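Undergrad: got a predicted structure plus its sequence, pasted below:
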Number of protein chains: 4
Amino acid sequence: MKLVPHRVLPWRLLALPPQVRVRAFSSTPSHLEIKPVHDLPPRLRPSYVPSPNNTLLNLQWPSPPRNILITKKKRTPNITASVLEFISHIRSTYPAINILLTPETAAEIHDQLPFSVYTYENVSDLPDKTDLICTLGGDGTLLRASSLFSHAESVPPVLSFAMGTIGFLGEWKFREYKRAFREVYMSGAPDTYATLSDSLGPPPPPPPTSPSDPLDRPLSYADIRGKAMGPNRTARILLRNRLKVGVFAPDGSRIGNSGDTYALNEVTLHRGGSPHLKIIDVYINNRFLTEAVADGMIISSPTGSTAYSLSSGGSIVHPLVPSLLLTPICPRSLSFRPLVLPANTPITLRLGTKNRGREVEVSIDGQTVTQGMGVGMEVRVAGEEVKKADGVWEGGVPSIVRGTAGGGEDGEDHWVGGLNALLKFNYPFGDQEGG
Amino acid sequence: MKLVPHRVLPWRLLALPPQVRVRAFSSTPSHLEIKPVHDLPPRLRPSYVPSPNNTLLNLQWPSPPRNILITKKKRTPNITASVLEFISHIRSTYPAINILLTPETAAEIHDQLPFSVYTYENVSDLPDKTDLICTLGGDGTLLRASSLFSHAESVPPVLSFAMGTIGFLGEWKFREYKRAFREVYMSGAPDTYATLSDSLGPPPPPPPTSPSDPLDRPLSYADIRGKAMGPNRTARILLRNRLKVGVFAPDGSRIGNSGDTYALNEVTLHRGGSPHLKIIDVYINNRFLTEAVADGMIISSPTGSTAYSLSSGGSIVHPLVPSLLLTPICPRSLSFRPLVLPANTPITLRLGTKNRGREVEVSIDGQTVTQGMGVGMEVRVAGEEVKKADGVWEGGVPSIVRGTAGGGEDGEDHWVGGLNALLKFNYPFGDQEGG
Amino acid sequence: MKLVPHRVLPWRLLALPPQVRVRAFSSTPSHLEIKPVHDLPPRLRPSYVPSPNNTLLNLQWPSPPRNILITKKKRTPNITASVLEFISHIRSTYPAINILLTPETAAEIHDQLPFSVYTYENVSDLPDKTDLICTLGGDGTLLRASSLFSHAESVPPVLSFAMGTIGFLGEWKFREYKRAFREVYMSGAPDTYATLSDSLGPPPPPPPTSPSDPLDRPLSYADIRGKAMGPNRTARILLRNRLKVGVFAPDGSRIGNSGDTYALNEVTLHRGGSPHLKIIDVYINNRFLTEAVADGMIISSPTGSTAYSLSSGGSIVHPLVPSLLLTPICPRSLSFRPLVLPANTPITLRLGTKNRGREVEVSIDGQTVTQGMGVGMEVRVAGEEVKKADGVWEGGVPSIVRGTAGGGEDGEDHWVGGLNALLKFNYPFGDQEGG
Amino acid sequence: MKLVPHRVLPWRLLALPPQVRVRAFSSTPSHLEIKPVHDLPPRLRPSYVPSPNNTLLNLQWPSPPRNILITKKKRTPNITASVLEFISHIRSTYPAINILLTPETAAEIHDQLPFSVYTYENVSDLPDKTDLICTLGGDGTLLRASSLFSHAESVPPVLSFAMGTIGFLGEWKFREYKRAFREVYMSGAPDTYATLSDSLGPPPPPPPTSPSDPLDRPLSYADIRGKAMGPNRTARILLRNRLKVGVFAPDGSRIGNSGDTYALNEVTLHRGGSPHLKIIDVYINNRFLTEAVADGMIISSPTGSTAYSLSSGGSIVHPLVPSLLLTPICPRSLSFRPLVLPANTPITLRLGTKNRGREVEVSIDGQTVTQGMGVGMEVRVAGEEVKKADGVWEGGVPSIVRGTAGGGEDGEDHWVGGLNALLKFNYPFGDQEGG
């Protein structure tokens, strides 16, 4: 795969404020550096607007997004080439956009780019600077991108491209990237408002500006000519609710210094390398349910229902079912079936006193977070509420899904598509007819 | 078990309007007849009011309920004795109440009662005359009571007593019947309003009356002295959402003349007595999902998740998770796992053309509704929405659950209790310790 | 697919006894009839000889097989064409062979053949006249062929060709038919004996002959020149053990007049069209095991483990594991796991007295054998022993499997192949790497 | 529980050779030591003789057993008391018997005994010195006793007492210990031979003796008067076949210095503490079956089918079914069902090259045997053959089962009993009747 050369169309240049233009296209070596995330303008927060007859939400930017975090699957050369192609397209088409990369990716590719990129030292700086996340890889890539925001209540929208692997989370095919990015970028432009305004109300106010910093001047859709895509092109959002996870030591003190952690897929208690089964006390709604003797226990979101929970015998739960899954791992019982509970149910898993001398391992989204937790430790979980009491939708991981806002016959339900990919394995065995 | 004799406390008599009193306690033979349901006053419709911090609803009668439908498990002598005891208590304590029975029960017991009872010829008369349903038996008894309202959009509240069998639906123990009935009867009395009024708003208007019919004069809680139970005693309601099921012939015409049927547990397509597997086309959201080769297919409500769906490998879903379950029965595929979908998902099951000459059987809540359905027939299902767009809760089967409205430490979650009964079987096999 | 014209090579004609030659190639209309099975010479019974280091047996004919029963999948035109091609090849290459067809197939194709075929009115005539069975179709075709011998203790060897469908039983690809048939036909020829004689002992004695009937003169391998294939080409046999099934009325009398029935796959008790669960008492080794509340119960052979039992959650059992599977169908219990028992374990399923007024359906290999069986009826099953006390292997369904008798690196295990076809569905879901 | 004091009946003393008597009852402090296993006479090897109409074998000692290894569950005080009671009974009733204990048990209890006990430093000394094993505890106790012989081809018979826990392996109740031990001890005494001799042939020759060592003079049943129990009292043996496990490094060298290890329950490959799934290549009969992406893989004996394999979804397999189970642990595939293979099937699990940088953990019977095994390592397994080519039964773990040799109506099948204990959980959920 060849790197698409840097190329800017004249009419687009004119639409941009001069400061941005100059800065963006300067190609002196001094600019080809990796810049700190602190230099970026503050994050733009979009609204998520319900549409009638559709369970998905409409993405509405107050002004065009500027800071794009791009993550990719590791150690896969042809994905690196795709990332370079993607970045080049974005910068040439939307020159005001700033490219934010993980430290590894920045180090790997920045010298192949004729402009500066941004990176961070501490993931805690990302939530205030990232307008949009784009991932290129598989479900695991999105999962890792999400984990960069595992301590943030508000995650930016995620546009994820599946690179060759079948998954439930990577919504878009990479060959669609130009159309997909434009759809997201323009979602909220005036033409869209005009058509949607009746049902959606007025657009959100523009973000606060600091006049002294030209970079911080928000771009306006009015500056971008000729890009009206019509209301059907509004990007659609699926707010995937996460799990809010707290891990507590036997003395009640919290493990980890930064409050709750959000998990997109699941939190797992597991015996790990110990050959001994764990005896886990399970509490639902703060009431004792049962003592599970098992290799471990999974608490999963609907999004995670097609990951580890499915391997352990859990059902497949659509991401729009507000629920939590409690799935035992290899239980020493014939009757402990997976449970599906309301999303707001508090669940506590406790390593009971019968586990004398035994330790357990806690993992969040496939990353081991604590080892050697002993008797008395607790994992407390509740689902994240994505619809607030005042009717505002926020929280969760806002995933940009394929298909049109209007839905209709020609729309696509990516989840059913992913399910079909699973169920292509639904080929009947044997000879079903008996002829 | 002995029949408690007919006995009325004087102070209670005084509280009643004279007409009712006379009529109720007349014991001339001419009154000991079985009367038609048409003679009953019209149904009182309660409100279901959300309470903060609680996922259950509060029951609020506009005025005391009058028409009580009582159903019982068949062919079980000691349950018949309990029914007689229950009826005698109600009539002696709340003399204005009219007892409505199924034709079989009325025939079986009316001559053991010193007052008239009501029955019906056609179940379609019940929805307009039944204020409250009381069931004595097991889950199956409630299921059958619910099926009497399978064509009604609005089902009266159900107070169900478990008679010896462990179940998920029969919430109350029979020995609690006096307290339980009073809690339901008084739910909405002035003392309750006084306390709840801030959050709950004004009580619902009293029902329309027809002055010419003394029976139709609504009883007022003001007529009943000394029964204030406080707001914590408001009966709590779990609105169990049902499935809306339509069965269609290959030519698109509806099978059955009375519109959609509501199922509390599940609708099932099954090969029945035919030894041949069925080939069932499954559509979700009007999009083709897969062709299932199986003994059959279950679409279940969360309430039904602990019935047939569980036998077929489905997960256990809490009744407050707004969802539908799609569970294959003995699929000829290793990969067709049970699915949990949003409650408002339209699902269509279609007997595809490959089933040349084969027929299928459709059952709703365990009752066979059609046999001999052939190629091209369709079952169309969607979950019932129990929260309307205007925020009013209605629809579903309003189940009166145990525990106090305030919840709290001493409240009980019947579902977790039922689960515990299942999970008492969560006794670990073998010797888990290896010592 | 074109019918291969009738064509005989001269050298082969010379090798045949004149009677057969004349009779076989007479093409006067009077011979193109469908002849009765009684006209055929008696069956030849082969030996099954164990080979060291191999769990399969070697097929050894006393003299070349003469009566070939050919069955095919119904209602599939291109299989009919293949059957015609197959028959033409056999008759032109091995003119002494008699073609025996089912009545339906005989009626369908006999007028497209330039020689007479045989058929039967009563399946009970088949066991004494059939040397070899060839099936063209899927697993169901072999299953139906096997059911023609469901009352016979000794089933002839079966050569089965899979016609397009993936299965576990259809061993051969149709395009291999010439080589496959020759391998089977020659299995036991002198060259083979010469090489195998040390380990195998002397060949079985030739069958008894009736000199007055020229048709009954056994063909000798000495009459067939130039066909030595060497010991590695001996056909290999997998003796699939069957289930011996007896169905008994509540009074202990046997249902059906012809003794035990043999099932190749499974016997099933099922609720059939009744919506009610059955309560089935299960006895193992004549001791009560449990009372199963279920849709039904399957007792399966290892061969049947990839059929209905697999749909119901049973394990996949290799056909060489001498065992029976007891698999519940949709049990109303969370703990009734499928059991695998020694092949000689007597199992009894009894419809207990709690099933008042309920009936059950019994099926053998997918065919309903009794309906309306009521309380007290019993199904008694034991596996067939294929190795007799005196070390002789017989019984079961002798399936001719692909691969060489010597096994070795280039041999194939058809079962693993069928498993691979199942496990091609073993494609991992999701993105297993997390990169 | 009180320690039964040391007490010897006179008539029994007379029956013993004087040397043994003197040595055994000396109670000078110098004898109350822990002696080395080397001082014991050599092991007596019993025969296992098939009986007609019974799948179990009859135990036949050449002369009374002398060296008894006793193991017990750890850290359970009341079991220690039972062990003391048991030992005291044995020594007082059968004074010639030598008590062999594990080092821990010897250290714990030897000063509470008025005679010397034996112990070992190296488990490799046990197979040549142990006539009989008695275990007091649960399934885990027997499992650990069996693991003391995990490098021995021939395991002594095991008499196991279940101490309070339900299990599949602990056959006897402790309160039966006197009868149980006598039955085992006398199994093969002359009266037994007299009755069984026709079917069983001559008794095995007495063991070789070294006349210089009085201890090595074999005891004869003729020395023991009055103990004829009749043929029905012959102890019955279930030979539980084990798994023969070899672990190999990527370079083909064997891990561990002592050849194959025998597992009674299972060998497991598991991801252990690593959060990453393993990619395991599975070979059956030296042919590639599939690449499994999973938490791990279990190869289990039928005995182990009710342990870890059952937790992972495997079927329950009777210990007399000669088979191996291949059960995946949390496979990332919907179609990888547990397999049951012939006992002599070679299975290889290989950590494929896709696991770059990942390690796996190997456990045998719940004990981790290797950690940190990397890409290319292999586990090779085959079932142990317990019936040799010459018709002799040996190998496996000879478990002494309850019940009489004649079987019959009053015999008991311990396995069905254990299954009942599991299936007591077969209590139906919900209300199966629908009344």
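TA: Sure thing, it's come through.
Undergrad: could you use CA atoms for every contact and neighbour count after this?
TA: OK.
Undergrad: and the residue lying closest to A:Pro156 once chain neighbours are set aside, its phi and psi?
TA: Computed as CA to CA, 6 or more residues apart in numbering or on different chains, the closest residue to A:Pro156 that is not its neighbour in sequence is A:Leu132, at 5.3 Å. Main-chain torsions, A:Leu132, degrees, to the nearest 10: phi -150, psi 140.
Undergrad: quick one: name the residues of the stretch 151-300 of chain A near chain B.
TA: Proximity of the stretch 151-300 of chain A to chain B (CA under 8 Å from any CA of the partner chain) is limited to residues A:His276, A:Leu277, A:Ile284, A:Leu289, A:Thr290, A:Ala292, A:Val293.
Undergrad: ok, so of these, who is nearest chain D?
TA: Within these, proximity to chain D (CA to the nearest CA) peaks at A:His276, which comes in at 7.6 Å.
Undergrad: I'd like to know how far the closest one sits from D:Asp390.
TA: According to CA to CA, to the nearest Å, A:His276 and D:Asp390 sit 41 Å apart.
Undergrad: kindly report the same for A:Trp393.
TA: 77 Å.
Undergrad: and these two? Which one has more around it.
TA: Applying other CA atoms under 10 Å in any protein chain shown to A:Trp393 and D:Asp390 shows that A:Trp393 carries more neighbours, namely 17 against 6.
Undergrad: for the more buried one, give me the pLDDT.
TA: Looking at A:Trp393, its pLDDT reads 86.
Undergrad: my guess is it contacts A:Glu384. True?
TA: No: counting by CA atoms under 8 Å, A:Trp393 stays clear of A:Glu384, with 11.5 Å between them.
Undergrad: run through the helices of chain A in chain order.
TA: A:10-14, A:18-25, A:77-93, A:103-109, A:139-147, A:177-185, A:190-200, A:308-311, A:414-423 (DSSP state H).
Undergrad: ok, the nearest residue to A:Asp128 once chain neighbours are set aside - contacts?
TA: With CA to CA, 6+ apart as the criterion, A:Asp128 has its nearest non-adjacent residue at 5.4 Å, and that residue is A:Arg43. A:Arg43 makes contacts with A:Asn67, A:Pro127, A:Asp128, A:Lys129, A:Thr130, A:Asp131, as judged by CA atoms under 8 Å, 6 or more residues apart in numbering or on different chains.
Undergrad: out of the residues you listed, who's nearest chain D?
TA: Distances from chain D to the contacts of A:Arg43, taken as CA to the nearest CA, are shortest for A:Pro127 (26.8 Å).
Undergrad: which one of the contacts of A:Arg43 has the most neighbours?
TA: Among the contacts of A:Arg43, the one with the most neighbours (other CA under 10 Å) is A:Thr130, at 26 neighbours.
Undergrad: my guess is that one contacts A:Pro46, does it?
TA: No: under the criterion of CA under 8 Å, A:Thr130 is not in contact with A:Pro46, lying 11.5 Å apart.
Undergrad: what's the separation between the residue nearest to A:Val123 when sequence neighbours are not counted and chain D?
TA: Distances taken as CA to CA, 6+ apart put A:Leu148 closest to A:Val123, at 6.0 Å, once the chain neighbours are dropped. From A:Leu148 across to chain D, the span is 18 Å (CA to the nearest CA, to the nearest Å).
Undergrad: and the stretch 1-150 of chain A, which residues reach chain C?
TA: The stretch 1-150 of chain A comes close to chain C at residues A:Lys73, A:Lys74, A:Gly137, A:Gly138, A:Asp139, A:Gly140, A:Thr141, A:Leu143, A:Arg144, as judged by CA under 8 Å from any CA.
Undergrad: export those residues to JSON lines and tack on pLDDT and neighbour count?
TA: Formatted as JSON lines, the residues of the stretch 1-150 of chain A next to chain C follow (pLDDT from 0 to 100; neighbours: other CA atoms under 10 Å in any protein chain shown):
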{"residue": "A:Lys73", "pLDDT": "91", "neighbour count": "23"}
{"residue": "A:Lys74", "pLDDT": "85", "neighbour count": "15"}
{"residue": "A:Gly137", "pLDDT": "91", "neighbour count": "27"}
{"residue": "A:Gly138", "pLDDT": "84", "neighbour count": "28"}
{"residue": "A:Asp139", "pLDDT": "83", "neighbour count": "29"}
{"residue": "A:Gly140", "pLDDT": "86", "neighbour count": "23"}
{"residue": "A:Thr141", "pLDDT": "90", "neighbour count": "25"}
{"residue": "A:Leu143", "pLDDT": "91", "neighbour count": "19"}
{"residue": "A:Arg144", "pLDDT": "93", "neighbour count": "21"}
